[in-house]
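Q: test case, fold it:
(chains A, B, C and D)
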There are 2 protein chains.
Amino acid sequence: MNHLESETYSISELAKAYCVTPRTIRFYEDKGLLNPQRDGNRRIYSNKDRVTLKLILRGKRLGFSLDECLELINMYDPATDNRKQLQHFLVAIDQRQIQLAHQLDDIKVMQEELSAAKARCLAALAKQQGIITPSSTHHNK
Amino acid sequence: MNHLESETYSISELAKAYCVTPRTIRFYEDKGLLNPQRDGNRRIYSNKDRVTLKLILRGKRLGFSLDECLELINMYDPATDNRKQLQHFLVAIDQRQIQLAHQLDDIKVMQEELSAAKARCLAALAKQQGIITPSSTHHNK
DNA sequence: TCTAAGGTTTACGTTTACGTAAAGGTTATA
DNA sequence: TATAACCTTTACGTAAACGTAAACCTTAGA
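A: Take a look at the predicted model:
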């Protein structure tokens, strides 16, 4: 059973795999986002733990706080038969989906604005030194 | 010239319009993201300032730091003829566009996962108390 | 004239998300 | 056996993004 096939990971393996520090991973555990098993007092991470870490990091990339990431994790795995809880999750999920839709809009607007900004930069450069641009080549052949 | 047509805003008008506090707006100025004019020592915000604030808040919604928002603002308005600067902007813009593309992917994955989580919640609720679901109605008619 | 509703600066407080030691325990191997 | 390479806990430090409070100025209106 070599390293690549192993289903468990040490903290530094996991850290290296996701470009974070062990400290970060311990911090997430402290905040209740991870609950690895122990061998003595060594932490042992399962594949499920690894996926959870991936969820956290994706949440962070999208601007979520760790508390929000925790809520997301809980929603993903509704290990409850509590009716109120389940209904709460449903509401929370709907809210997140709405927010994500807005983020999609934000991203698209920003992408367009960046494209326009890029065009302005290219224009400014072209004006300066007669650089070849799509529009100038139009007349150059 | 009434309130709705005015091209300038007080700090509290702007704050209310974008659901932030005056403190937040002053903080952004402190960090160099806003540079409103002054009437005596009163801040007066133009429409351009308003747009800048909008850019900042959109950046924040997407998880950007204020420093990154400042960079975005500078890129949008390349008020420079400095060749090096312009080329730097071009590189920075490309990087941002790549990052935004990744964020788009992240959002889509998360949307799918939330949909799946929603389905699991509904299933758990249905199992509990025989609630009518799309699949149960399939057999109920 | 005075009081309320805005504005200002200065400055300390707070939360989040870690970084950075310090002090120590446990294997593997040279 | 000792040294390196991991791991652990505890705890103080820090940067970012504001919140909050104090102390003060300045109009508009009763």
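
Q: do you know how far A:Ile25 is from B:Ala126?
A: To B:Ala126, A:Ile25 is 37 Å away according to Cβ to Cβ, to the nearest Å. (Glycine included, C-beta is placed from N, CA and C.)

Q: and what of A:Leu14?
A: 36 Å.

Q: which of these two has more residues huddled nearby?
A: Remark: of A:Leu14 and B:Ala126, A:Leu14 carries more neighbours, 20 against 15, as counted by other Cβ atoms under 10 Å in any protein chain shown.

Q: next up, the contacts around that one.
A: A:Ile25, A:Tyr45, A:Asp49, A:Arg50, A:Leu53 (Cβ atoms under 8 Å, 6 or more residues apart in numbering or on different chains).

Q: the third one touches A:Pro36, doesn't it?
A: Yes: assessed by Cβ atoms under 8 Å, A:Asp49 is found in contact with A:Pro36 at 5.3 Å.

Q: assign a three-state SS to the residue lying closest to A:Gln37 once chain neighbours are set aside, would you?
A: The shortest distance from A:Gln37 to any non-neighbouring residue, by Cβ to Cβ, 6 or more residues apart in numbering or on different chains, is to A:Ile44 (4.8 Å). Look at A:Ile44: counting by DSSP: H, G, I helix; E, B strand; the rest coil, its state is strand.

Q: count the residues that sit near A:Ile44.
A: Counted with other Cβ under 10 Å, A:Ile44 comes out at 14.

Q: re the thing from before, looking at the contacts of A:Leu14, which one is closest to chain B?
A: Set against chain B, the nearest of the contacts of A:Leu14 by Cβ to the nearest Cβ is A:Leu53 (14.7 Å).

Q: now do the same for the closest one: its pLDDT.
A: Listed pLDDT for A:Leu53 reads 98.

Q: any idea how far it is from A:Ile11?
A: Distance of A:Leu53 to A:Ile11, computed by Cβ to Cβ: 11 Å.

Q: wait, doesn't A:Thr8 sit right on A:Arg42?
A: No: taking contacts as Cβ under 8 Å, A:Thr8 lies outside contact range of A:Arg42: 10.8 Å.

Q: between these two, which one's more packed in?
A: Shown here are A:Thr8 and A:Arg42; by other Cβ under 10 Å, A:Thr8 has more neighbours (16 against 10).

Q: now for the residue lying closest to A:Arg42 once chain neighbours are set aside, how many residues are close by?
A: For A:Arg42, ignoring the flanking residues on the chain, the nearest one in space by Cβ to Cβ, 6+ apart is A:Ser10 at 7.4 Å. Using other Cβ under 10 Å, A:Ser10 is surrounded by 16 other residues.

Q: tell me which of A:Leu53 and A:Ile11 has more neighbours.
A: Between A:Leu53 and A:Ile11, counting by other Cβ under 10 Å, A:Leu53 is the more crowded of the two (22 against 19).

Q: give me the secondary structure label for that one.
A: Following three-state DSSP, A:Leu53 is assigned to helix.

Q: quick one: contacts for it?
A: A:Leu14, A:Tyr18, A:Ile25, A:Tyr28, A:Leu34, A:Tyr45.

Q: that older thread, how much space separates the residue nearest to A:Arg42 from A:Ile25?
A: Distance of A:Ser10 to A:Ile25, computed by Cβ to Cβ: 10 Å.

Q: nearest residue to A:Asp81 in space, please, no chain neighbours.
A: A:Asp81's closest residue in space is B:Gln128 (Cβ to Cβ, 6+ apart), at 6.3 Å.

Q: number of nearby residues for that neighbour?
A: Neighbour count for B:Gln128, taken as other Cβ under 10 Å: 12.

Q: next one: A:Asp77
A: Using other Cβ under 10 Å, A:Asp77 is surrounded by 12 other residues.

Q: from A:Asn35, how far off is it?
A: Applying Cβ to Cβ to A:Asp77 and A:Asn35 gives a distance of 12 Å.
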